[in-house]
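A.B. asks: One predicted model, sequence on top.
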Amino acid sequence: DVARASLRYAPVPELAVGARMGWEKYNYTAVASDPQAFYGVELSWRPNDRTVLEGYWEDRAFGNGWRFVFSHRRPLVAFNISSSRNCTS
């Protein structure tokens, strides 16, 4: 179970930065965990209609979690690069 909130600030229209925080509780072992707080940061940069760089990083119960995505479209080709680490079941 995860509850998350984020607060973003856009100093310019192309850039937004933010903070993330929340609580999580999991039962992947025989004993369920107590709720634990986590925190992190996020970034979104869209310099034009074709380019996007977005991501977040969080300090979670299982370690660091993140997701970063870069995509860029050209008339004949598109680039999509992503990296992530998260807890899944």
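C.D. replies: Alright, I've got the coordinates.

A.B. asks: For the residue positioned nearest the centre of the chain, pull up the helix or strand it's in.
C.D. replies: Computing the C-alpha centroid of the chain and ranking residues by CA atoms, centre = their mean puts Y56 first, at 3.1 Å. For Y56, the element it lies in under DSSP states H and E is strand 51-60.

A.B. asks: same deal with R8?
C.D. replies: Mapping R8 onto the secondary structure by DSSP H and E places it in strand 2-12.

A.B. asks: what's that strand in contact with?
C.D. replies: Contacts of strand 2-12 with the rest of the structure, by CB atoms under 8 Å, 6 or more residues apart in numbering, involve 16-24, 42, 44. Just so you know, the C-beta spots here come from the backbone N, C-alpha and C atoms, and that holds for glycine as well.

A.B. asks: what do you get for stretch 64-76?
C.D. replies: Taking CB under 8 Å, 6+ apart as the rule, stretch 64-76 contacts 40, 50-58, 78-87.
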